[in-house]
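let me see the structure of the following:
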Amino acid sequence: MSRTEAIPGAQPDRLAGLLAEHASLEAELADPAVHTDQVRARRLGRRYAQLAPVVETARGLDAARDDLAAARELAAEDSAFAVEVTAFEQRIEELTDRLREQLLPKDPDDDKDVILEIKAGEGGAESALFAGDLLRMYLRYAERRGWSTEVLDSVAADLGGYKDVAVAIKSRTDEGIWSRLKFEGGVHRVQRVPVTESQGRIHTSAAGVLVLPEAEEVDVGVDPNDLRIDVFRSSGPGGQSVNTTDSAVRITHLPSGIVVSSQNEKSQLQNRESALRVLRSRLLAAAREEAAAAASDQRRSQVRTVDRSERVRTYNFPENRISDHRVGYKAHNLDQVLDGDLDPLLDALSRAHTADLLAAGS
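Numbers count the residues shown, from 1 in each chain. Prediction:
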């Protein structure tokens, strides 16, 4: 079992608690009776996998400290071992920094799937076309990661693209999608020459992206008495009829005023379930934001990094440039980013967020 020596900048009891939890989970998962309940076994297995990196780093740190002590004893007798001392000191520094990051408080939604919504904004037809480009970018990124996607609702624009589209993104493993995409929310701006521009002038338009952790029924209870459900006939661009029956569904959550709709499926029942999925996720997000507003300034500052009202990113087509204004990220590979190569950008956002948390805890 790993020792629990103090880690600078980390809560001293946190490591001991996580190590004890890992050992307890290991014992539970070794019990065949646990696996008769697949839901419970999967929940325990997911948590066990989450704790594994912390345990591995802590054990590596203990081993490096033991090796350093041995190397110092040898160096006292033979100066040739001084190189070993320096190497182990560097190793301990690296592992300590890694463990400090791993011990930071975790976002409770990091392991959740997400519902991602894109809404056309300023710019009319060009904004709708850009919303379509953003949707393709996220779908391509999901494909690269091996995630599954499902369009829950979409309102196509007359000239192409979308006025509004919602897509569910799910992991086929225990990989948390929210942990990767949670910083994508906000106003995304595009600078390019629209297809309708005859003078070749560059226009600026924008689309809004909303990312929500997908809520399970156990996360958010929805009282059927709080819902007003309307049905209507689905329609496509230009008012063309898609279905000949009233299969589209609009749900209004009366206490909050949140309105969601779905018309992509032919079945009214399927559209109702899709709309409820979006509603539950919006209610969970609203609850999280309310809790954050009542918490400390430190917590509120963390939430502001994903403020959906901020203009977060610019896509400049003439210069093939992508710029994220929150972290000063800039690269001239816009074509690759729009084809789903998002990891370098998302890594930069994640590193900046971790740095902020470390600074707040120091």
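
run the chain-centre distance for stretch 203-214.
Relative to the centre of its chain, stretch 203-214 is centred 14 Å away, using Cα atoms, centre = their mean, to the nearest Å.

quick check: mean pLDDT of that stretch?
Averaging pLDDT along stretch 203-214 yields 89.

how about stretch 135-142?
Taken as a whole, stretch 135-142 carries a mean pLDDT of 97.

mind listing what's buried in that stretch?
Within stretch 135-142, the residues that qualify as buried are L135, M137, Y138, L139, R140, Y141, A142, counting by 16 or more other Cβ atoms under 10 Å. For the C-beta atoms, the positions are set from N, CA and C on the backbone; glycine is no exception.

helices - which of those residues land there?
In this view, the buried residues of stretch 135-142 that belong to helices under DSSP state H are L135, M137, Y138, L139, R140, Y141, A142.

residues in contact with the first one?
In other words, L135. Contacts for L135 were tallied using Cβ atoms under 8 Å, 6 or more residues apart in numbering; they are I118, Y162, V165, V167.

between the residues you listed, which has the most around it?
The most neighbours of any of the contacts of L135, using other Cβ atoms under 10 Å, belong to I118, which has 29 neighbours.

hmm, that residue is touching A206, no?
No: the criterion here is Cβ atoms under 8 Å, and I118 misses it with A206 at 11.2 Å.

before we go further, D133 is sitting in a helix, right?
Yes: secondary structure of D133 (DSSP: H, G, I helix; E, B strand; the rest coil): part of a helix.

report how many residues lie close to it.
D133 sits with 18 neighbouring residues when counted by other Cβ under 10 Å.

got the domain boundaries for the chain?
12-102, 114-357 (automatic domain parsing).

look up how far A27 lies from the nearest residue to F317 once chain neighbours are set aside.
Distances taken as Cβ to Cβ, 6 or more residues apart in numbering place R192 nearest to F317, at 3.5 Å, with adjacent residues excluded. Distance, R192 to A27, by Cβ to Cβ, to the nearest Å: 58 Å.

quick one, strands of the chain?
Secondary structure of the chain by DSSP state E: the strands cover 114-120, 148-156, 162-170, 186-192, 203-213, 227-232, 248-253, 258-262, 311-316, 321-324, 329-331.

mind putting the ones you listed into CSV with distance to D78?
Listed next are the strands of the chain as CSV, based on distance: least, Cβ to Cβ, whole Å:
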stretch, distance to D78
strand 114-120, 57
strand 148-156, 59
strand 162-170, 58
strand 186-192, 59
strand 203-213, 57
strand 227-232, 78
strand 248-253, 74
strand 258-262, 72
strand 311-316, 57
strand 321-324, 52
strand 329-331, 49
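
comparing those strands, which comes out most buried?
strand 114-120 (a mean of 25; mean count of other Cβ atoms under 10 Å).

follow-up on the earlier one: if I look at the residue nearest to F317, how far off is S205?
Distance, R192 to S205, by Cβ to Cβ: 9 Å.

same question for A352.
Remark: distance between A352 and S205 (Cβ to Cβ) = 27 Å.

coming back round to it: out of the contacts of L135, which two sit at the greatest distance?
Within those, Y162 and V167 form the most distant pair, 10.3 Å apart (Cβ to Cβ).

flag every buried residue along stretch 14-27.
Buried residues in stretch 14-27 (16+ other Cβ under 10 Å): R14, L15, L18, L19, E21, H22, L25.

quick check: closest non-adjacent residue to the last one.
By that I understand L25. Y48 (4.4 Å).

likewise for the fifth one?
Nearest non-adjacent residue to E21, counting by Cβ to Cβ, 6+ apart: L51, 6.4 Å away.

next up, the contacts around the one you found.
The contact partners of L51, by Cβ under 8 Å, 6+ apart, come to L18, E21, H22, L25.

got a pLDDT number for it?
pLDDT at L51 comes out at 90.

ok, it to H35 distance?
From L51 across to H35, the span is 19 Å (Cβ to Cβ).

can you check R140 too?
Going from R140 to H35 by Cβ to Cβ gives 37 Å.

again with A82
Taking Cβ to Cβ as the measure, A82 falls 52 Å from H35.

equivalent analysis for T314, please.
For T314, the distance to H35 equals 50 Å [Cβ to Cβ].

and Y329, by the same measure?
Separation of Y329 from H35 (Cβ to Cβ): 44 Å.

go on, R100?
Counting by Cβ to Cβ, the gap from R100 to H35 is 35 Å.

those two: who's more crowded?
Taking neighbours as other Cβ under 10 Å, R100 and H35 compare with R100 leading, 18 against 14.

these two touch, right, the more buried one and L358?
Yes: using Cβ under 8 Å, R100 is in contact with L358, at 6.9 Å.

to R72, which of the strands of the chain lies closest?
strand 329-331 (42.5 Å).

list the contacts of that closest one.
With contact meaning Cβ under 8 Å, 6+ apart, strand 329-331 is reached by R321, I322, S323, D324, V337, P344, L345, A348, L349.

distance of S323 relative to P344?
Separation of S323 from P344 (Cβ to Cβ): 13 Å.

sorry, slip of the keys, the one I care about is V193.
Distance of V193 to P344, computed by Cβ to Cβ: 27 Å.
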